[in-house]
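Asker: Sharing a sequence plus its predicted fold:
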Amino acid sequence: MMSDSWPPSEIRLNPGKRVLFLTKDLDLLRKQLYEGLDLRMEDLSVDDLLDDINTDVMTPAWVCFRHRPEDIAVDAYAGLLDEKGERVFRSRALADGNFEAIVSGFRKGTGSSRETAAQCERWSGIRYVFAASFAPIHERNNINLGQLMGDHAMLQQLQAGQSLPLSAFTERYDPVTRIILEQGGLFAFSKKVAEGTIQLPANTTPQRSMTMAEKMIAAKMLNPGSAGAYVQPGDAVLAKVDGGYSHEFTTAQVHEFLRAEYGDDYQVQNPEKLAVFEDHLLYADGVARFAPFVSQIQTLRDLQKVFQQHTGVRDFSAQNGVSPGICHQIAREEIIDPGDFIQATDSHTCMGGGSNALTYGVGATEYAALIHAGFTFVKVPESIRFDLVGELPAGCTAKDVILYILDTYAKAEDTLNRSIEFGGPGLASLSVDERATLCNMATECTARTGICEGDEQLAAWLAERRPGKSAAEIARSFVKPDADAVYAGGRHTLDLGEIQPRVATPGDPTYGQEIANLEKVEIDIAYGGSCTAGKIEDFRFYAAVCAEAKEAGLKVAEGTQFFIQFGSKSVQDYARSQGWISLFERVGVTLIEPGCGACIGCGPGVSETPDQVTVSAINRNFAGRSGPGQLYLASPLTVAASAFTGWITAYQKGMFLSTPAGAEA
């Protein structure tokens, strides 16, 4: 996949190539793309450059229907739209611009773990990526592809005609990452490790107290030093992977990469704890704007079947058009156990941390390499700790907690590339499903992962789903942090009693406010579902609001659509057993079979026009992700209450019962 001549030992900008600056001034960006304008770093400041460029912008969902990187590159940055909703990057704009470097501001590559975002630049001729900072998964995807990343000062030196040694791009990394970059990417590195031509140094960290993430990595480490299994932030180790999964958006690339690197008879390790899922594109055939891509989508499905049959991994494909559920929900129900190290090709893999496991998303290249080898490279992350105390007020859920953390800590980059650890006496007041919500949205915090401590409640929940294992046996596998563990991001006490119902305002989950301070926002769509909000506890919230509305004689507000989508078949079965399905139907809810749906912009609940407003319980609200309209993120309780009022409304118990039917709630 990579040229043997890459990377050069001395880095110079090619005088026949160009540098593209992703400027906030989109007219200036267009002049670079289409009028040959060339800019210099010395004439710009970081404030002139786009921040928080997310992977949905770089490769929107419809671009990801292609599994060949060269085809993905054709529509690089197709999701970057102007104020009129028009594309800034036309097809082949990046590939035909003769660019070898691209420049942006802070937190390049936030959002989904899709490796297609890094591929669209690599296969458009970009080899140097400059930014003020990078989102962790996107940075890792660049490393795996052999892309060289630097800061603005380095670019200024290069544009001044200076050369820089390769070490200038690699010296900030750990020894193993340096080797990966020096070899030109992950596959070249992995081959040489397997051949024995690269010997990794033993990890030399002495005995020390550790966080949960550190303990879990240390337990899987394959290159411990003489002191034993101890790690600290920044350590570069190889670690055994317990399991993982991919879905139809990503499996085709995994299959093609493995074939290209290891031949048609490639093998994978531990297939009984690997899986494929059909959840993301389940409803794509019925989405009008995806009509031109139906054949590509079918190719993805077909290649996933080929991969599954070849490898024998667990199969969670749709049967008769109905999916067993969203990968992250089923993974926690059936695959992930406490202390596990799980990797999967989706950024919300971190949801599994609610089960006291180390789980996070990786790109297709890294996933292909690790399931073939059975181990992967890990750079031990720093940690940030939240000690929860108290209980949430009525009307609040874990979604409000994580929206508060996003607005307070993630905005300040306190969570960037760190493992978020949740513990404290207040954690016991949250159900196992609610803990999964906290960990699920760690990726929105641009964190590596989220991990909750285990307790009797989690042990009982898992025992119900692990035949032959008792709660006591499961509890013995819990990983706890040492009392004096060091948290580089700080140890923060979070009083749940002070949390108020919140929303994230359209465009970015990081920016939000309390609903009490929000001006009246009328809505067209209320959506409950996704891995974040399609669990049993979420349905309990939806049902509580709907039951109260039914008792008050209310139905979904006129002009508003209320969609609820099940996270898995087991959730659907539980809802049916509780009588919730008939309740939802009586008050005007549109129910959707298990799957990702509107969260990935692929199913009922997606906005159709820019002027539509949605309040949604999904995890991210980047422009265009769930349709062209304005999307507010909120809790399941807020979403359900808003569906009956017709505007964004914080739920208060009894709120409908004190209002006569037909009156304004």
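Answerer: That came through fine.
Asker: what pLDDT does Cys327 get?
Answerer: The score at Cys327 is 97. That number is its pLDDT.
Asker: Can you verify my assumption that it contacts Ser347?
Answerer: No. The criterion here is Cβ atoms under 8 Å, and Cys327 misses it with Ser347 at 11.7 Å. From N, CA and C alone the C-beta is placed, and that goes for glycine too.
Asker: how close does Lys17 get to Ala275?
Answerer: Distance of Lys17 to Ala275, computed by Cβ to Cβ, to the nearest Å: 43 Å.
Asker: no wait, Val401
Answerer: 29 Å.
Asker: more crowded one of these two?
Answerer: In terms of neighbours (other Cβ atoms under 10 Å), Val401 is the more surrounded of Val401 and Ala275; the figures are 25 against 22.
Asker: can I assume that one sits in a strand?
Answerer: No. Secondary structure of Val401 (DSSP: H, G, I helix; E, B strand; the rest coil): helix, not part of a strand.
Asker: Just want to know which of Cys327 and Ser347 has more residues nearby.
Answerer: Using other Cβ under 10 Å as the criterion, Cys327 and Ser347 rank with Cys327 on top: 30 against 25.
Asker: contacting residues around the more buried one?
Answerer: For Cys327, the contacting residues are Tyr245, His247, Ala275, Phe277, Asp279, Phe316, Ala344, Asp346, Cys531, by Cβ atoms under 8 Å, 6 or more residues apart in numbering.
Asker: If we use 6 Å, what do you get?
Answerer: By Cβ atoms under 6 Å, 6 or more residues apart in numbering, the contact set of Cys327 is Tyr245, His247, Phe277, Asp279.
Asker: May I ask which helix or strand encompasses the last one?
Answerer: For Asp279, there is no enclosing helix or strand under DSSP states H and E.
Asker: what about it, neighbour count?
Answerer: By other Cβ under 10 Å, 28 other residues sit near Asp279.
Asker: List the contacts of it.
Answerer: Counting by Cβ under 6 Å, 6+ apart, Asp279 touches His247, Ser323, Ile326, Cys327, Gly595, Cys596.
Asker: mind running it again at 7 Å?
Answerer: His247, Ser323, Gly325, Ile326, Cys327, Gly595, Cys596 (Cβ atoms under 7 Å, 6 or more residues apart in numbering).
Asker: can you tell me how far it sits from Arg30?
Answerer: 37 Å.
Asker: quick one on the thing from earlier: ok, so of the contacts of Asp279, who is nearest Ser429?
Answerer: Ile326 (25.6 Å; Cβ to Cβ).
Asker: quick one: that closest one from Thr345, how far?
Answerer: According to Cβ to Cβ, Ile326 stands 14 Å off from Thr345.
Asker: what's the span of stretch 204-219 from first residue to last?
Answerer: One end of stretch 204-219 sits 15 Å from the other (Cα to Cα, to the nearest Å).
Asker: which of the residues in that stretch are buried?
Answerer: Thr205, Met210, Thr211, Met212, Ala213, Glu214, Lys215, Met216, Ile217, Ala218 (16 or more other Cβ atoms under 10 Å).
Asker: what's the burial count for His310?
Answerer: Look at His310: counted by other Cβ under 10 Å, it has 16 neighbours.
Asker: So it lies in a helix, does it not?
Answerer: Yes. Counting by three-state DSSP, His310 is located in a helix.
Asker: Centre of the chain to stretch 27-41, how far?
Answerer: With Cα atoms, centre = their mean, to the nearest Å as the basis, stretch 27-41 stands 32 Å off its chain's centre.
Asker: same deal with stretch 116-135?
Answerer: With Cα atoms, centre = their mean, you get 18 Å for stretch 116-135.
Asker: Stretch 261-275: which residues count as buried?
Answerer: Per 16+ other Cβ under 10 Å, stretch 261-275 contains these buried residues: Glu261, Tyr262, Tyr266, Val268, Gln269, Lys273, Leu274, Ala275.
Asker: so of those, which ones are in helices?
Answerer: Among the buried residues of stretch 261-275, DSSP state H puts Glu261, Tyr262 in helices.
Asker: now the buried residues of stretch 261-275 in a markdown table, with distance to Lys379?
Answerer: Formatted as a markdown table, those follow (distance: Cβ to Cβ, whole Å):
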| residue | distance to Lys379 |
| --- | --- |
| Glu261 | 23 |
| Tyr262 | 25 |
| Tyr266 | 26 |
| Val268 | 24 |
| Gln269 | 21 |
| Lys273 | 23 |
| Leu274 | 23 |
| Ala275 | 26 |
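Asker: ok, so of the buried residues of stretch 261-275, who is nearest Val237?
Answerer: Closest approach to Val237 among these (Cβ to Cβ): Gln269, at 17.8 Å.
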